[in-house]
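S.K.: turn this into a structure:
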Amino acid sequence: MRSVLIAILVILALIPTWTVTAQTEITLEQRVAELELRVEHLEVLTIEPQGTSVFSGQCMSQTTPFTVQAPFEIVWSAQHEGEYGTTLIVTVVYPDTGTTAQSFGWYIKSGNSSGQTWCYVEPGTYYLSINTSANWTVEVK
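M.R.: Below you'll find the predicted structure:
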């Protein structure tokens, strides 16, 4: 009788482990399926070469609309004269709605500054809204 009771206790102790193992396997299977979908999505989003658009201006401005493949690179330079620095804020805007797709900001020291970043948005048409007190050039690649 005692050996039967021990066997039952062992079986009861293992049941939660089996359940956890089964749940983990389902979770792993779901995760693998999710990753496979992401890989398929990345294969579809093969980046094709696109033209370069260069915009320049002074202080606050908006660029003309441009069409890109996602993602695209923003390369910028700015010239600011004065004792104190300023900021350069570049906002990527949907032209149809005027809403922000993505926004970037940098501190511009006195003199010349430059940098670059990548913008991860869906392929489409956008314009840039530039907010700064500096002279600037922005290149979209």
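
S.K.: domains in this protein, by residue range?
M.R.: 1-44, 53-140 (automatic domain parsing).

S.K.: pick the most buried one from these.
M.R.: Most buried of the domains of the chain by mean neighbour count (mean count of other C-beta atoms under 10 Å) is domain 53-140; its value is a mean of 15. The way it works is simple: take the backbone N, C-alpha and C, and place the C-beta from them, glycine included.

S.K.: so what does the helix or strand hosting residue 75 touch, helix or strand wise?
M.R.: Residue 75 is part of strand 72-80 when elements are defined by DSSP states H and E. Packing contacts for strand 72-80, counted by 3 or more C-beta pairs under 8 Å, 6 or more residues apart in numbering; DSSP states H and E, involve strand 86-93, strand 100-108, strand 111-119, strand 135-140.

S.K.: pretty sure residue 71 sits against residue 123.
M.R.: No: if you go by C-beta atoms under 8 Å, residue 71 and residue 123 don't touch, sitting 9.5 Å apart.

S.K.: contact partners of the strand holding residue 75?
M.R.: The contact list for strand 72-80, computed with C-beta atoms under 8 Å, 6 or more residues apart in numbering, reads 50, 86, 88, 90, 104, 106, 108-119, 121, 132-141.

S.K.: what do you get if the cut-off is 7 Å, keeping everything else the same?
M.R.: Outside strand 72-80, the residues within contact range by C-beta atoms under 7 Å, 6 or more residues apart in numbering are 86, 88, 90, 104, 108, 110, 112-119, 132-141.

S.K.: and if you look at stretch 128-141?
M.R.: Outside stretch 128-141, the residues touching it (C-beta under 7 Å, 6+ apart) are 52-63, 66, 68, 72-80, 86-93, 108.

S.K.: still on that earlier bit, how about the helices and strands packed on strand 72-80 in a markdown table, adding mean pLDDT and distance to residue 29?
M.R.: Shown next, in a markdown table, are these (pLDDT from 0 to 100; distance: least, C-beta to C-beta, whole Å):
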| stretch | mean pLDDT | distance to residue 29 |
| --- | --- | --- |
| strand 86-93 | 93 | 37 |
| strand 100-108 | 92 | 34 |
| strand 111-119 | 91 | 33 |
| strand 135-140 | 91 | 41 |
